[in-house]
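J.: model the structure of this input:
(one chain, ligands or ions: 2)
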Amino acid sequence: MNTQMTTDTAPTTTAKPVLQASGVVMRFGGLTAVNNVDLTVGEGEIVGLIGPNGAGKTTFFNCLTGLYVPTEGTVTYKGTVLPPKPHLVTQAGIARTFQNIRLFANMTVLENVLVGRHTRTNEGLFSAILRGPGYKRAEAESREKAMELLEFCGLANKAQHLARNLPYGEQRKLEIARALASEPGVLLLDEPTAGMNPQETRAAEELVFAIRDKGIAILVIEHDMKFIFNLCDRTAVLVQGQKIVEGDKETVQNDERVITAYLGAPLEGAAEGTSTTAGTEDDQ
Ligand SMILES: Nc1ncnc2c1ncn2[C@@H]1O[C@H](COP(=O)(O)OP(=O)(O)OP(=O)(O)O)[C@@H](O)[C@H]1O
Ligand SMILES: [Mg+2]
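T.: Ligands and ions are numbered 1, 2, ... in the order given. Next up is the predicted model:
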């Protein structure tokens, strides 16, 4: 086994940084789940984050989105250090989806997206109680925007369905629609294609490209290597909490440490166009 676990932190992007993590460390008691990770997502970029199960990918996302306060390090969004509270992070412009889907199961698809918009609506509590003209106008506008997002994500015909009745793949799309409702500058996707069939996965790829084309930068965790290498301008690899390499498809696929971390086969399969899942989904 190659013991050379040096971090390769050289920036490989010239795009203006949107999201920037510097020296992020997350410890749980004696376990260092994220170890001194630097990562930048630039304007217009789709950046991948891969690594074996338990590598620290979701924990790193949690550090980026205020769910965890990193033990060390800083996270900035467009040059400003983020407040360590999830709703303030969302308000600042960072949206995410979860590895374990977190929808309001008994609300409709449309209502789930409306909930995602609340950080962008100015109408306060009194206005909502009084239901005056300002509130009604804002509500109508919110519904219109939410429907546009459902259209964009291919869910408009399911607007009135309960979220819990959607097939798994569509629930993932709904999570994306809800995240987009907060009008983010960067979107973090944690295993967006887990549980999707190959057609749904290809559609999800198109959706991610379309989101990027709206001017939203993307950071995506996935075990499906074909998905990652089709989409990403740059991919970082986490192993045991450390970023061992970051670069384009060729750099990552040919890196010996990455091949060792994945026990050889998966990344080679991806180069030939086969969908490769280097891990199993669990509920986090
Ligand atoms: N809240 C927590 N308390 C203690 N340990 C945790 C906590 N969250 C995560 N861990 C541990 O941190 C390590 C990294 O977990 P994490 O979920 O970030 O991995 P991952 O790369 O997302 O894996 P997967 O691909 O399976 O989703 C694991 O050993 C996990 O058990
Ligand atoms: Mg995870």
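
J.: residues from the stretch 51-200 of the chain in reach of ligand 1?
T.: Residues of the stretch 51-200 of the chain lying close to ligand 1 by C-beta under 6 Å from any ligand atom are 51, 53-59, 99. Quick note: C-beta positions are derived from backbone N, CA and C, even for glycine.

J.: right, is whatever helix or strand Val245 lives in up against ligand 1?
T.: Assigned by DSSP states H and E, Val245 belongs to strand 242-247. No - against ligand 1, strand 242-247 shows no contacts by C-beta under 6 Å from any ligand atom, the least distance being 11.8 Å.

J.: please begin residue numbering at 40 from this point
T.: With 40 as the first residue, the last one maps to strand 281-286.

J.: now the residue of the stretch 90-239 of the chain found nearest ligand 2. Its backbone dihedrals?
T.: Across the stretch 90-239 of the chain, no residue is closer to ligand 2 than Thr97, which sits at 3.1 Å (C-beta to the ion). Torsion angles at Thr97 (phi, psi; degrees, to the nearest 10) stand at phi -70, psi -40.

J.: and what of Leu258?
T.: Dihedral angles (degrees, to the nearest 10) for Leu258: phi -120, psi 120.

J.: just the pLDDT at it, thanks.
T.: pLDDT for Leu258: 98.

J.: and for Ala310?
T.: Confidence at Ala310, expressed as pLDDT, is 45.

J.: follow-up on the earlier one: what's the strand holding Val284 packed up against?
T.: strand 70-81, strand 273-278, helix 288-292, helix 295-300 (3 or more C-beta pairs under 8 Å, 6 or more residues apart in numbering; DSSP states H and E).

J.: helices of the stretch 90-239 of the chain, start to end?
T.: Shown for the stretch 90-239 of the chain, the helices assigned by DSSP state H, counting those that start in this stretch span residues 96-103, 125-131, 148-155, 164-169, 172-191, 207-219, 237-252.

J.: go through those and name the closest to Thr274.
T.: Thr274 sits nearest to helix 96-103 of all the helices of the stretch 90-239 of the chain, at 11.8 Å, using C-beta to C-beta.

J.: and that closest one with strand 70-81, angle?
T.: Calculated by axes from the mean of the first three to the mean of the last three C-alpha atoms, to 10 degrees, helix 96-103 forms an angle of 70 degrees with strand 70-81.

J.: okay, helix 96-103 in CSV with CA atoms only?
T.: Provided in CSV are the C-alpha atoms of helix 96-103 (Å, rounded to 0.1, in the frame of the first residue of the first chain):
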residue,chain,number,x,y,z
LYS,A,96,-17.5,13.4,2.3
THR,A,97,-20.8,14.1,4.0
THR,A,98,-19.1,15.3,7.1
PHE,A,99,-17.2,17.8,4.9
PHE,A,100,-20.5,19.0,3.4
ASN,A,101,-21.9,19.4,6.9
CYS,A,102,-18.9,21.6,7.7
LEU,A,103,-19.6,23.7,4.6
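
J.: what's the angle between that helix and strand 273-278?
T.: In terms of direction (the same axes, to 10 degrees), helix 96-103 departs from strand 273-278 by 110 degrees.

J.: what sits up against helix 96-103?
T.: With C-beta atoms under 8 Å, 6 or more residues apart in numbering as the contact definition, helix 96-103 has outside contacts at 58, 60, 63, 65, 72-73, 76, 78, 88-90, 107-109, 112, 114, 121, 128, 133, 135, 138, 227, 229, 258, 260, 277, 280, 323.

J.: okay, buried residues for stretch 65-77 please.
T.: 65, 71-77 (16 or more other C-beta atoms under 10 Å).

J.: swap that for stretch 179-191, sorry
T.: Buried residues in stretch 179-191, counted by 16+ other C-beta under 10 Å: 181-182, 184-185, 188-189, 191.

J.: Serialize those to TSV and add fields for distance to Ala198 and pLDDT.
T.: Listed next are the buried residues of stretch 179-191 as TSV, based on distance: C-beta to C-beta, whole Å; pLDDT from 0 to 100:
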residue	distance to Ala198	pLDDT
Ser181	13	88
Arg182	10	92
Lys184	13	94
Ala185	8	95
Leu188	10	97
Leu189	6	97
Phe191	13	97
